[in-house]
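S.K.: Coordinates for the following, if possible.
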Amino acid sequence: MEGYLDLYLEPRIPSFLGFPRDISRSKAAIMGIPYDSSSTCKPGCRYAPQRLRNVSHNLETYDPIQRIDVAELPVSDIGDVREFLNPYSMVDIVSKVSCELNSTGKIVIGFGGDHTVTLGLINGLRRGVSLVMFDAHLDYRNEYPIGERISHATVLRRLREGLAKEAVVIGVRALSKEEVRDLERESNVQVVYTWASEKDVDDSLSTLSKDRYVTIDIDVLDPSVAPGVGCPEPGGFTFHQLLNILNRVFDGKVLGIDVVEVNPLVDINDITSYLAAKLVMKILSLFFA
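M.R.: This is a model prediction of the structure:
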């Protein structure tokens, strides 16, 4: 570990699935970003990275579909970025760490934190990406609350200002009239609602280039499946519906991925934390399939 990795990262014990911190032999790196200062509903997702690590040790690691033991994959858990209250500082530091990891060829898997952390992770790629965003909300407000340009409700708008050359947002069912109006002027953002058909999903994904970044707001799932989120929205996907779409997303080259908005403070019996940890395990099996 050197450079920004030493300067801004703090190790966490236990690590996710017991992965080592050393990145010298890894092909992917897990990084926690315990940030929720931009949350506007219920704070608490800053505790998610460590909670996902803790519950991961209670899960079986063998994937019978891919025939892979996820715990044996060349993955490292490099710990958490130091906590920041200012969103601009957080985005800057996460971007520097992400850039350093990407410069060594590592795939970065980010644990949020609120959805704002995606800005730093993608900025660290230093290239325009095709964004696949799973979210109950559009996150396309220009300011939210009034006067705040960087928050979990403005992520897509900020990403479209240079970081994401095109985007498909999947699982949407909560949006404002203003967001719909503004998106009507957009030619490179497609919205796939939860009631869309599989063909609609495939048609939208087919418009993207193969270099994709995937961000998963856990509230894309129905609250009956994932209750531990700050802004629950009825009518979401099941876990297996999400996995089915993710399998099709991985037909292209995925440059990085994050799982955000898990809130342990409002969870029930760690259901959402277990689900998110299992989701990360499935994602890792797809990376190395």
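S.K.: quick one, helices of the stretch 1-150 of the chain?
M.R.: 4-8, 48-56, 87-103, 117-123 (DSSP state H, counting those that start in this stretch).
S.K.: Worst mean pLDDT among these?
M.R.: The minimum mean pLDDT among the helices of the stretch 1-150 of the chain belongs to helix 4-8 (a mean of 90).
S.K.: Just the residues contacting it, thanks.
M.R.: Applying CB atoms under 8 Å, 6 or more residues apart in numbering, the external contacts of helix 4-8 come out as 23, 78, 81-82, 93, 96-97, 99-101. Every C-beta, even on glycine, is put in place using the N, C-alpha and C of the backbone.
S.K.: which intervals of this protein have sub-threshold pLDDT?
M.R.: Applying pLDDT under 70 to the chain flags residues 1-2.
S.K.: try 50
M.R.: For the chain, applying pLDDT under 50 flags the ranges 1.
S.K.: Next, please give the residue ranges for the strands of it.
M.R.: 9-10, 28-33, 62-63, 68-69, 75-81, 107-112, 129-134, 164-172, 189-193, 211-217, 253-260 (DSSP state E).
S.K.: so which of the ones you listed gets nearest Leu205?
M.R.: Nearest of these to Leu205, taken as CB to CB: strand 164-172 at 6.2 Å.
S.K.: Using PDB, list the CA coordinates for that closest one.
M.R.: Output of strand 164-172 as PDB, limited to C-alpha atoms (Å, rounded to 0.1, in the frame of the first residue of the first chain):
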ATOM      1  CA  ALA A 164     -21.300   9.700 -17.500                       C
ATOM      2  CA  LYS A 165     -21.500  10.000 -21.300                       C
ATOM      3  CA  GLU A 166     -24.800   8.000 -21.200                       C
ATOM      4  CA  ALA A 167     -26.900   6.300 -18.600                       C
ATOM      5  CA  VAL A 168     -29.700   3.700 -18.100                       C
ATOM      6  CA  VAL A 169     -31.500   4.000 -14.700                       C
ATOM      7  CA  ILE A 170     -33.300   0.800 -13.800                       C
ATOM      8  CA  GLY A 171     -36.000   0.200 -11.200                       C
ATOM      9  CA  VAL A 172     -37.300   3.800 -11.000                       C
END
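S.K.: Quick check: can you name the pairing partners of that strand and their directions?
M.R.: In the sheet, strand 164-172 lines up against strand 129-134 (parallel), strand 189-193 (parallel) (DSSP bridges).
S.K.: hmm, who's touching the longest one?
M.R.: With CB under 8 Å, 6+ apart as the test, strand 129-134 has contacts from 122, 139, 156, 159, 163-171, 205, 208-217, 220, 242, 245, 249, 252, 255.
S.K.: Which strand residues bridge Val259?
M.R.: Residues in beta-bridge contact with Val259 (DSSP bridges): Phe111, Ile216.
S.K.: nearest residue to Thr194 other than its sequence neighbours?
M.R.: Arg173 (5.0 Å; CB to CB, 6 or more residues apart in numbering).
S.K.: separation between the one you found and Ala136?
M.R.: Arg173 is 6 Å from Ala136, where distance means CB to CB, to the nearest Å.
S.K.: who touches both of these two?
M.R.: Shared contacts of Arg173 and Ala136, counting by CB under 8 Å, 6+ apart, come down to 233, 236.
S.K.: These two: which is more packed in?
M.R.: Between Arg173 and Ala136, counting by other CB atoms under 10 Å, Ala136 is the more crowded of the two (27 against 19).
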